[in-house]
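1. Sequence first, then the predicted structure:
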Amino acid sequence: MTRFCPILLRIVLVAAACPGTTAPAAASTWIGRFDQTLAPWAEQRFQADRPANTWTLRRWDGVDALEVRSQASMSLMARAVDVDLARTPVLCWRWRIERALETADLTRKAGDDQAARVYLGLALPPQSLGVGDRLQLRLARSMFGPQVPDAAINYVWDNRQPAGSEHPNAYTSRTTMVVLRSGTAALGRWVAERRDVGADLQRLHGPGARLVQVAVAADTDNTGETALSGFADLHFVAADEACR
């Protein structure tokens, strides 16, 4: 066998050097598996005088998921993130709702509720914030705490606005509501999403905007309705990479 060693070594070295002989390492960055623990996710409330949602880790139709029950309540399950959006700009996740809200209307403060939302908290370059923006942020943070971001994007499962539409938040123009799902067509089943967050940040807030937080929520405090929703498998991938 000794005389075959140089030949075997050459085969190994050639195979290692040939393009395409090994698969490139995946570039995905996981931020929410929900299979064992919530950490580093933590509940976040903006108004302490309003009821909070109820959160449960569960195995749901074969999927490790975070369940949220919202009954005239609102709170986020959030975590800080530091994702290289130049390398992995696409956010993938699965979500589901068990019923659509009936009276919600995201264009009005009194109706600004959604059965499910994925919330992106952003930091903006200081020079992009005008005097009015700074005053509003200072006031908001004095009322709700330092977790209030400079700006936000919400991907929502709405009850009436068409999928693909975008709307300023009823409370602040620094938050954009992007409707990905609408109505009752997919009730009671997991739906997969794929969104180029890097492109959305550039398009809506220009260069320099940074993603600093991701959160999930159901929101029913304005309408007083009830929602039962789930989230799973949140991760970032490269633009040319499939979701996991």
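-> Okay, I see it.

2. all contacts plus neighbour counts: C-alpha atoms, from now on.
-> Will do.

3. Who is Val179 paired with across the strands?
-> Beta-bridge partners for Val179, by DSSP bridges, are Val156.

4. Quick one: neighbours of it, just the number.
-> 21 (other CA atoms under 10 Å).

5. Okay, helices next: where are they in the chain?
-> 5-17, 131-144, 197-205 (DSSP state H).

6. mean pLDDT for those helices: which is lowest?
-> Here these differ in mean pLDDT, and the lowest is helix 5-17 at a mean of 35.

7. which ones are touching the residue lying closest to Trp190 once chain neighbours are set aside?
-> Using CA to CA, 6 or more residues apart in numbering and skipping the chain neighbours, the partner closest in space to Trp190 is Arg96 (4.9 Å). Neighbouring residues of Arg96 by CA atoms under 8 Å, 6 or more residues apart in numbering: Ala116, Ala186, Leu187, Gly188, Arg189, Trp190, Val191, Ser229, Gly230, Phe231.

8. measure Arg96 to Thr37 for me?
-> 20 Å (CA to CA, to the nearest Å).

9. Kindly report the same for Leu76.
-> 16 Å.

10. Looking at the two, which is more packed in?
-> Legend: neighbour count by other CA under 10 Å for Leu76 and Thr37, higher for Leu76 (24 against 11).

11. beta partners for the more buried one?
-> Gln44, Ala217.

12. Pipe the contacts of Arg96 into JSON lines and attach neighbour count, pLDDT and distance to Leu57 per row.
-> Shown next, in JSON lines, are those (neighbours: other CA atoms under 10 Å; pLDDT from 0 to 100; distance: CA to CA, whole Å):
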{"residue": "Ala116", "neighbour count": "29", "pLDDT": "98", "distance to Leu57": "16"}
{"residue": "Ala186", "neighbour count": "15", "pLDDT": "96", "distance to Leu57": "22"}
{"residue": "Leu187", "neighbour count": "14", "pLDDT": "97", "distance to Leu57": "20"}
{"residue": "Gly188", "neighbour count": "15", "pLDDT": "98", "distance to Leu57": "17"}
{"residue": "Arg189", "neighbour count": "15", "pLDDT": "98", "distance to Leu57": "17"}
{"residue": "Trp190", "neighbour count": "18", "pLDDT": "98", "distance to Leu57": "16"}
{"residue": "Val191", "neighbour count": "15", "pLDDT": "98", "distance to Leu57": "18"}
{"residue": "Ser229", "neighbour count": "24", "pLDDT": "98", "distance to Leu57": "12"}
{"residue": "Gly230", "neighbour count": "29", "pLDDT": "98", "distance to Leu57": "9"}
{"residue": "Phe231", "neighbour count": "27", "pLDDT": "98", "distance to Leu57": "10"}
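
13. Next, format those as CSV and append distance to Thr54.
-> As requested, the contacts of Arg96 are exported to CSV (distance: CA to CA, whole Å):
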residue, distance to Thr54
Ala116, 14
Ala186, 23
Leu187, 20
Gly188, 19
Arg189, 20
Trp190, 20
Val191, 22
Ser229, 11
Gly230, 12
Phe231, 14
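
14. And stretch 151-170, what's buried?
-> 151-161, 163, 166, 169-170 (16 or more other CA atoms under 10 Å).

15. That stretch spans what distance, first to last residue?
-> 14 Å.

16. Let's test this: mean pLDDT of that stretch, rounded?
-> Mean predicted confidence for stretch 151-170 is 96.

17. State the distance from Ala217 to Leu76.
-> In terms of CA to CA, Ala217 sits 5 Å off from Leu76.
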